[in-house]
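Asks: got a predicted model here, sequence first, then my questions.
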Amino acid sequence: MRYLLDVNALVALGFANHECHARVASWVRAQQFPTLATCSITELGFIRVLAQAPAYGFTVAQARSLLLRLKEADVSRFTFIPDDHDVSHLPTWVKTPKQTTDGHLAKLASANGGVLATLGRRIPGAYLIPPG
């Protein structure tokens, strides 16, 4: 199974001081080298969150470097899913603005033989990363 990590899961995995780092890291270890995926939205979101939030204290260059190191680590295999989905692919369950990115990522993952892996509970068809 290939898991497209949403932004929150990717940040939690990549930033050791994140409150959910242990949860995501233990799930990855338990999967024994799962195939994890990113896409443009999740990679850019990772950089934006780490560089924008004062609690993280990263520059854009530092966040980019961290993401590249994470993707090259031996913990799991990362693949990149090119995003060729326009708004016509948005699932019908998307009803509010807050659901648009989740819906887009869930549909992108499934169209590419995977599933969206998340820490959020309200995304239809997504895989909820279990508590560590």
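Replies: That came through fine.
Asks: what is the lowest-mean-pLDDT helix or strand in the chain packed up against?
Replies: Within the chain, judged by mean pLDDT, DSSP states H and E, the helix or strand with the poorest mean is strand 77-80; its value is a mean of 91. When contacts are defined as 3 or more CB pairs under 8 Å, 6 or more residues apart in numbering; DSSP states H and E, strand 77-80 sits against strand 35-38. For glycine as for every other residue, the C-beta is placed from the backbone atoms N, C-alpha and C.
Asks: what's the first helix or strand after the strand it packs on?
Replies: Next helix or strand after strand 35-38 toward the C-terminus (DSSP states H and E): helix 40-52.
Asks: got the buried residues for the first helix or strand past that next one going along the chain?
Replies: Counting by DSSP H and E, the next helix or strand C-terminal to helix 40-52 is helix 60-72. Neighbour counts using 16 or more other CB atoms under 10 Å place 63, 64, 66, 67, 70, 71 of helix 60-72 among the buried residues.
Asks: and the helix or strand following the least confident helix or strand of the chain, which residues are buried?
Replies: Counting by DSSP H and E, the next helix or strand C-terminal to strand 77-80 is helix 100-111. For helix 100-111, burial by neighbour count (16+ other CB under 10 Å) applies to 102, 103, 104, 105, 106, 107, 108, 109.
Asks: JSON lines please, covering those residues and showing pLDDT and distance to residue 81.
Replies: Below are the buried residues of helix 100-111 laid out as JSON lines (pLDDT from 0 to 100; distance: CB to CB, whole Å):
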{"residue": "102", "pLDDT": "95", "distance to residue 81": "15"}
{"residue": "103", "pLDDT": "96", "distance to residue 81": "15"}
{"residue": "104", "pLDDT": "97", "distance to residue 81": "12"}
{"residue": "105", "pLDDT": "97", "distance to residue 81": "9"}
{"residue": "106", "pLDDT": "97", "distance to residue 81": "12"}
{"residue": "107", "pLDDT": "97", "distance to residue 81": "11"}
{"residue": "108", "pLDDT": "97", "distance to residue 81": "6"}
{"residue": "109", "pLDDT": "97", "distance to residue 81": "7"}
